[in-house]
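Undergrad: can you look at this prediction? I've put the sequence above it.
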Amino acid sequence: MVGTCVLLIAAGSLLGLALLPMNWAFVLFSIAYGLTCGNVTTLSPIIVRREFGAASFGIVYGFAAAFIQLTMAFGPTLYGVIRDMFGSYVPVLLMCAALNLLAATSAYFGGRRPLMSQS
């Protein structure tokens, strides 16, 4: 649930940055997004540990970390290409907000559910 909330705050911040081109909004939404940046380093291992267990953590997080690093390496280039195509960062910010919403939805609906009690 916490991961979902963090991702929703990040998505809302990116939407605000994209749609409200005012100085106060830039400062406010940049601070709000910055507060969610912990998900870059700490949220993914927490999720992997919770969903896959301690015994599988090494192999699962090793694969996940490699994928994360790969996407983080190509992300800025992709964002630059999109910015050059459209002449603005608005499409990039909207795309990133949509990805955060997708991640929030996945985190909310994709997690483990408590077992039903058998009566």
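TA: That came in fine, so what should we check first?
Undergrad: and the average pLDDT for stretch 110-119 is what?
TA: The average pLDDT within stretch 110-119 is 60.
Undergrad: begin at 11, not 1, for the rest of this chat.
TA: Noted, 11 is the first residue going forward, which turns the last one into stretch 120-129.
Undergrad: show me the contacts for residue 45.
TA: Residue 45 sits next to residue 19 when contact means Cβ atoms under 8 Å, 6 or more residues apart in numbering. All C-beta spots, glycine's among them, are computed from the backbone N, C-alpha and C.
Undergrad: how near is it to residue 38?
TA: Residue 45 sits 11 Å away from residue 38, going by Cβ to Cβ, to the nearest Å.
Undergrad: helices of the chain, residue ranges please.
TA: 12-29, 33-45, 48, 54-62, 67-96, 100-120 (DSSP state H).
Undergrad: deepest-packed of the ones you listed, please.
TA: Ranked by mean neighbour count, the helices of the chain are led by helix 12-29 with a mean of 19 (mean count of other Cβ atoms under 10 Å).
Undergrad: and it, what does it pack against?
TA: helix 33-45, helix 100-120 (3 or more Cβ pairs under 8 Å, 6 or more residues apart in numbering; DSSP states H and E).
Undergrad: tell me the angle the shortest one makes with helix 100-120.
TA: With axes from the mean of the first three to the mean of the last three Cα atoms, to 10 degrees as the basis, helix 33-45 and helix 100-120 are set at 40 degrees to each other.
Undergrad: now residue 110: closest residue in space that isn't a chain neighbour?
TA: Of all residues not flanking residue 110 in the chain, residue 21 sits nearest, at 3.7 Å (Cβ to Cβ, 6 or more residues apart in numbering).
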